[in-house]
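In: just coords:
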């Protein structure tokens, strides 16, 4: 889905290409339960719902402005498979009535360790995909996966997109994103 | 889908992340007809078939070895929505009994202009996504889209993937790929 | 040299990392004559002058505002080895009294073919390094070097630089630049 | 300098573009004393010596095979401003008779903290540039600079280089490198 499809406001959004790769790494399938932690505008939840109409999705988000955007984007998409859980993860994990088979973590607001601990307690074999921009967050995840003996795939994605200047196409560099994936029934 | 899911042989394959972004740019939907031109191992056809089980796909490929791989990968996936058209595109386009709504061009073997001309003759409003590695091919496409007055989105994707060396993660640069998209009912 | 060393105004400037690689590709040496075509702020001329104080440099630039910046930056650097030639290249090439051994082309304002033709007429064995951002300019250069049978090295440089956000380092993607090099007494 | 200028053997070498940017970040000047820690083939030492013939360089390297290469490359370059210190840094730092004003760390073999501690003890205001490939090494450096309250610039460099395939230029992705710089009399 295109970035400009989504109602966005001021909330940062996972960009189209990063979202596509992240969804691919999630390896979703019919019947799965996806937790979208730090859901932001809900773009990952909504695109997952569009591709896999039968799955159950929980979107965890603490910012009221973002919660409104998730709601608006779900409505625009005409999907009813996203449950929005407002508040600060991982405390709010208790409000979801289905154990996750998959999780996407787009933002952790400094609570990465608590979020990962809780997810893996709920389902040690679940598949988890994370997006990371800050080098310090990457460092923290490396420490966590080493501590747990997790074998993860780490992909760095550097996207440039064309902009027209008269008849010319100029390539504009996007910010690089780390996509970390592990777990799942492989 | 992971690259190592596919039966590959010596045929070059669109890599997982590039495939995910290309499929996202295609904007497929139930009911569409996808032509996969220069299908190679069939990885794009098969992944499209897995995500959208109801669509009709035609995989055009001239190398006999690749044709066998497409067949093997479709069989492994258990999909029957891919029709394989053996021979050299665009001549073989006549053998497909459904007009395309979407096309993915992963390889053109020097016949890019003929392929695009024929596709746009068959359906001037179709959506087309191309993957290009050679700078000369990129230049040719720029010339074609300028000549036709097509507004295209051009994205360059630079992926690095981790490799383990003892306890360390070393990032290995993949080759950059240009993904060009245009058309469709936007 | 750091980008913030230079007096810049509104004129686009070759960024530090791209400048370093371009200067390295130029393979300058004491005694050489460098033509800096489309010199902009003069950052390449000035840095070359600082590293090789004995060389002779001609900075060709058509925008009066940029000419003032080149002058200001040379003055700040305390170098007197840069001659500024105001006006539109390649017409202004006649005003330089030394044949070039090296040329850097940072901007051609649509006159790339004329500039390259003239340079190679003046010195068929000279070393030339070009920076290109627009894909159409890259395509034009590919056509020129193919037409002349030139073997060029093409490098694409994608730089990301850290920005601090509190205690975090976020990587910000710069725009990718093509650096094309050929010729010279190798 | 081109990578193929250097005598290399099996020792990994800082690539041309990364070397150019690293040397630029070092901000060397006549009269400085550069320590090249984990000098490998000596490519950074030799290129620094070629650009700044008057500076004093100490190349620290523990692998006997690499030490021979440094010697061979200095000889090929005809420079006598590089002192080679064989053995394991930072223990071997005692054998250099000049305090460093600049240091380049291309490899630390797991002793990054000890090397940085010792360098900053010898000269707290020196300029240091590091090349890092492993994400764990990057994480370690982030921790060290945070602990010391150092403001560093972090640049990620992703280079792709053309390879000819018939008349086509295919871009081949190099491995991304982090270049971290701090200190110096700015």
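Out: Looks like it arrived, so ask away. Keep in mind that this is a model prediction, so the values were computed, not measured.

In: flag every residue of chain A that's near chain C.
Out: A:133-137, A:158-160, A:162, A:165, A:167-176 (Cβ under 8 Å from any Cβ of the partner chain). C-beta: built from backbone N, CA, C; applies to glycine.

In: in PyMOL, how would I select just the buried ones from these?
Out: Buried members of the residues of chain A next to chain C, identified by 16 or more other Cβ atoms under 10 Å in any protein chain shown, are gathered into one PyMOL selection as follows:
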select buried, chain A and resi 133+134+135+136+137+158+159+160+162+169+170+171+172+173+174+175+176
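
In: in helices, which of the residues of chain A next to chain C appear?
Out: Under the assignment DSSP state H, the residues of chain A next to chain C contribute A:135-137 to helices.

In: in chain A, what spans have low per-residue confidence?
Out: Across chain A, the ranges flagged by pLDDT under 70 are A:186.

In: taking it, what residue is nearest to chain D?
Out: The shortest separation between chain A and chain D is 3.4 Å, found at residue A:139 (distances taken as Cβ to the nearest Cβ).

In: can you pull the phi/psi pair for that residue?
Out: Recorded main-chain torsions at residue A:139 are phi -60, psi -40, according to degrees, to the nearest 10.

In: please tell me how far the residue nearest to it when sequence neighbours are not counted sits from chain C.
Out: If the residues on either side of it in the chain are set aside, residue A:139 comes closest to residue D:139, at 3.4 Å by Cβ to Cβ, 6 or more residues apart in numbering or on different chains. With distances taken as Cβ to the nearest Cβ, to the nearest Å, residue D:139 is found 11 Å from chain C.

In: do the same with residue A:140
Out: The separation that residue A:140 has from chain C, given Cβ to the nearest Cβ, amounts to 11 Å.

In: before we move on, what about residue A:76?
Out: Taking Cβ to the nearest Cβ as the criterion, residue A:76 is separated from chain C by 29 Å.

In: and residue A:143, by the same measure?
Out: In this structure, residue A:143 and chain C are separated by 16 Å, where distance is defined by Cβ to the nearest Cβ.

In: show me what the helix or strand hosting that residue is packed up against.
Out: Element membership for residue A:143, per DSSP states H and E: helix A:135-148. Under the contact definition 3 or more Cβ pairs under 8 Å, 6 or more residues apart in numbering or on different chains; DSSP states H and E, helix A:135-148 sits against helix A:112-122, strand A:127-132, strand A:177-183, strand C:168-173, helix D:135-148.

In: identify the bridge partners of the residue in chain A positioned nearest to chain C.
Out: Nearest residue of chain A to chain C: residue A:173, at 3.5 Å (Cβ to the nearest Cβ). Beta-bridge pairing of residue A:173, defined through DSSP bridges, involves residue A:160.

In: for residue A:131, see how far away the residue of chain A closest to chain D is.
Out: 15 Å (Cβ to Cβ, to the nearest Å).

In: which parts of the helix or strand residue A:45 falls within are buried?
Out: Following DSSP H and E, the helix or strand that holds residue A:45 is helix A:43-51. By neighbour count with 16+ other Cβ under 10 Å, helix A:43-51 contains the buried residues A:43-49, A:51.

In: check which helices and strands that helix is in contact with.
Out: In terms of contact count using 3+ Cβ pairs under 8 Å, 6+ apart, helix A:43-51 is assigned the packing partners helix A:16-26, strand A:33-37, strand A:56-61, helix A:64-77, strand A:82-86.

In: relative to strand A:56-61, how tilted is it?
Out: Orientation check (axes from the mean of the first three to the mean of the last three Cα atoms, to 10 degrees): helix A:43-51 against strand A:56-61 gives 170 degrees.

In: helix A:43-51 to helix B:16-26, inter-axis angle?
Out: Put simply, helix A:43-51 runs at 70 degrees to helix B:16-26, going by the same axes, to 10 degrees.

In: contacts only, for residue A:102.
Out: Under the criterion of Cβ atoms under 8 Å, 6 or more residues apart in numbering or on different chains, the contact partners of residue A:102 comprise A:26-28, A:32-35, A:126-129, A:184.

In: same check on residue A:120?
Out: Under the criterion of Cβ under 8 Å, 6+ apart, the contact partners of residue A:120 comprise A:126, A:128, A:148.

In: and residue A:26, by the same measure?
Out: Neighbouring residues of residue A:26 by Cβ under 8 Å, 6+ apart: A:34, A:48, A:102, A:104, A:127, A:129, A:181.

In: make a markdown table from those residues and add distance to residue C:56 to it.
Out: What follows is those, written out as a markdown table (distance: Cβ to Cβ, whole Å):
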| residue | distance to residue C:56 |
| --- | --- |
| A:34 | 65 |
| A:48 | 62 |
| A:102 | 64 |
| A:104 | 59 |
| A:127 | 63 |
| A:129 | 57 |
| A:181 | 56 |
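
In: of these, which pair is most distant in space?
Out: When Cβ to Cβ is used, the two most widely separated members of these are A:48 and A:181, lying 15.0 Å apart.

In: hmm, back to that, of the contacts of residue A:102, just the buried ones, PyMOL syntax please.
Out: The following PyMOL line selects those of those that are buried, judged by 16+ other Cβ under 10 Å:
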select buried, chain A and resi 26+27+28+32+33+34+35+126+127+128+129+184
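
In: list just the nearest of the contacts of residue A:102 to residue C:63.
Out: After measuring the contacts of residue A:102 against residue C:63 - Cβ to Cβ - the closest member comes out as residue A:129, at 48.2 Å.

In: thought that closest one was touching residue A:105?
Out: Yes: with contact defined as Cβ atoms under 8 Å, residue A:129 reaches residue A:105; the gap is 7.4 Å.

In: what sits in contact with each of the two?
Out: Between them, residue A:129 and residue A:105 share no neighbouring residue, with contact defined by Cβ under 8 Å, 6+ apart.
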